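Peer 1: based on what follows, work out the 3D shape:
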Amino acid sequence: MEEPARSPDGSEQCPQGRELMASSTGSTLCMSSSRSESVWTSSTPRSRWDIYRKPLVVVAVGVAIFLFGVVITSLACFLKEHKKVYKMSGPAFLSLGLMLLVCGLVWIPIIRKKQKQRQKSQFLQSLKSFFFNR
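Peer 2: So this is what the prediction gives:
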């Protein structure tokens, strides 16, 4: 059996050494838990809702927060009570909503580009298998 890891001066045992020795599946666990590979390399066709659900939710939340910011900012013009609070929080909601809206709108073309690359890759793989499996 191997000796547990010691500190550089040799006086203390490092607890990490025991954990690393006990866990021999750490590298395989990290490799198998990658979600990004399974999403783009799976051969089952996915519906458009499954593909675009997350960006559409981000866009919808961004629009809702942006409109809330518009309402809060307009309250600062009409109401005299708590005017400082409305003037501070209104632009914050405006900027947060706009940021989410833009992120969602940029996410959609990125997904389209990845899907086109995936389709090209599948086509090239089928060509390769056709010519090399003869």
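
Peer 1: which helices and strands sit right next to the top helix by length along the chain?
Peer 2: Longest helix in the chain by number of residues (criterion: DSSP state H): helix 83-132. Counting contacts by 3 or more C-beta pairs under 8 Å, 6 or more residues apart in numbering; DSSP states H and E, helix 83-132 is packed against helix 35-41, helix 48-78. Where C-beta positions appear, they are placed from N, C-alpha and C, glycine not excepted.

Peer 1: as a whole number, average confidence for the first one?
Peer 2: Model confidence over helix 35-41 averages 52 on the pLDDT scale.

Peer 1: can you find the helix or strand in the protein with the smallest mean pLDDT?
Peer 2: Ranked by mean pLDDT, DSSP states H and E, the weakest helix or strand in the chain is helix 26-32, scoring a mean of 46.

Peer 1: wait, Gly69 touches Ala92, no?
Peer 2: Yes: under the criterion of C-beta atoms under 8 Å, Gly69 makes contact with Ala92 at 7.3 Å.

Peer 1: settle it for me: which of the two has more neighbours?
Peer 2: The residue with more neighbours, out of Gly69 and Ala92, is Gly69; 20 against 13, by other C-beta atoms under 10 Å.

Peer 1: ok, the more buried one to Leu79 distance?
Peer 2: According to C-beta to C-beta, to the nearest Å, Gly69 and Leu79 sit 16 Å apart.

Peer 1: which intervals of the chain have sub-threshold pLDDT?
Peer 2: 1-43, 134 (pLDDT under 70).

Peer 1: 80 instead?
Peer 2: In the predicted model, the chain carries pLDDT under 80 at residues 1-45, 130, 133-134.

Peer 1: list the buried residues of stretch 105-112.
Peer 2: Across stretch 105-112, burial judged by 16 or more other C-beta atoms under 10 Å covers Trp107.

Peer 1: nope, stretch 78-89 is what I was after
Peer 2: 86, 89.

Peer 1: do the same with stretch 94-107
Peer 2: Those would be 94, 96-97, 100-101, 104, 107, for stretch 94-107 by 16+ other C-beta under 10 Å.

Peer 1: pick out whichever of these sits closest to Phe131.
Peer 2: In terms of C-beta to C-beta, no member of the buried residues of stretch 94-107 lies closer to Phe131 than Trp107, at 36.8 Å.

Peer 1: many thanks, have a good one.
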